[in-house]
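> Provided below are the primary sequence and the corresponding predicted coordinates.
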Amino acid sequence: MTSIGRAGSPPAQLRPVQGLSALILSDRARPLRFAFTGGAGALTQLALLAGLVRLGLHAVPANGLALLVSAQVNFALSYLFTWHDRRAIGPAWRTLPARWFAFHGCIATTAALNLGIFAAARVFLPNLIAAGAGIGVAAIVNFAVNDRLAFGRPAPRGGAVVTAPALAAAEQIIPLA
């Protein structure tokens, strides 16, 4: 058996891998990639929190620092994996800062939603269940908001590169053209 398949087709051994790769990277699998990315961000935050506390840092600033780092991990995975097919048109050095600001605006908004749901729900639910409710609702909203705003489909406008409505607002801070 040779490693060369029919002209223009991969060897038979690679076809199942390519099929799985295409499935994982499909639009329908985006919510699963989003969950994976969020899980990786959460694990990053928890690992950093544990490590920083073990090194003697107080838990509150340690958690704040861990959250800031995990947000960057989450952004990188969102950009490279979850919404890999939504790259802006143009050089990354021009488009990435605005996308970064839009992403952080989205997660800041959903973090406030998460805390609000937790505060309201803990009146009649145990803390962990109330926190789970906040996380669940915020995750759904976060996916929808990032899917439409921070990582919306590329749409050129008047020579400037704008990939989503949130980027248009961010462009006021960081001009792309």
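That came through fine. Predicted, not measured: the structure shown is a model, and the values here were computed from it. Numbering: from 1, shown residues only.
> hmm, who's touching the helix or strand hosting residue 66?
Assigned by DSSP states H and E, residue 66 falls within helix 59-77. With contacts defined as Cβ atoms under 8 Å, 6 or more residues apart in numbering, helix 59-77 is touched by 36-38, 40-42, 44-49, 52-53, 57, 100, 103-104, 107. From N, CA and C alone the C-beta is placed, and that goes for glycine too.
> what do you get if the cut-off is 6 Å, keeping everything else the same?
37, 40, 41, 44, 45, 48, 49, 52, 53, 103 (Cβ atoms under 6 Å, 6 or more residues apart in numbering).
> tell me which helix or strand residue 23 sits in.
Here residue 23, judged by DSSP H and E, is contained in helix 15-24.
> next structured bit after that helix?
Next in sequence after helix 15-24, counting helices and strands by DSSP H and E, comes helix 30-54.
> that next one packs against which elements?
helix 59-77 (3 or more Cβ pairs under 6 Å, 6 or more residues apart in numbering; DSSP states H and E).
> if we use 7 Å, what do you get?
helix 59-77, helix 127-145 (3 or more Cβ pairs under 7 Å, 6 or more residues apart in numbering; DSSP states H and E).
> which positions in the last one come out as buried?
By that I understand helix 127-145. For helix 127-145, the neighbour count (16 or more other Cβ atoms under 10 Å) marks 130, 131, 133, 134, 135, 137, 138, 139, 142, 143, 145 as buried.
> pLDDT score assigned to the closest residue to residue 44 other than its chain neighbours?
Nearest non-adjacent residue to residue 44, counting by Cβ to Cβ, 6 or more residues apart in numbering: residue 70, 4.3 Å away. pLDDT recorded at residue 70 is 89.
> look at residue 88 and tell me its secondary structure.
Counting by DSSP: H, G, I helix; E, B strand; the rest coil, the backbone at residue 88 sits in coil.
> just give the closest residue to it, not the sequence neighbours.
Closest residue to residue 88 apart from its sequence neighbours, by Cβ to Cβ, 6+ apart: residue 95 at 3.6 Å.
> equivalent analysis for residue 133, please.
Closest residue to residue 133 apart from its sequence neighbours, by Cβ to Cβ, 6+ apart: residue 121 at 4.9 Å.
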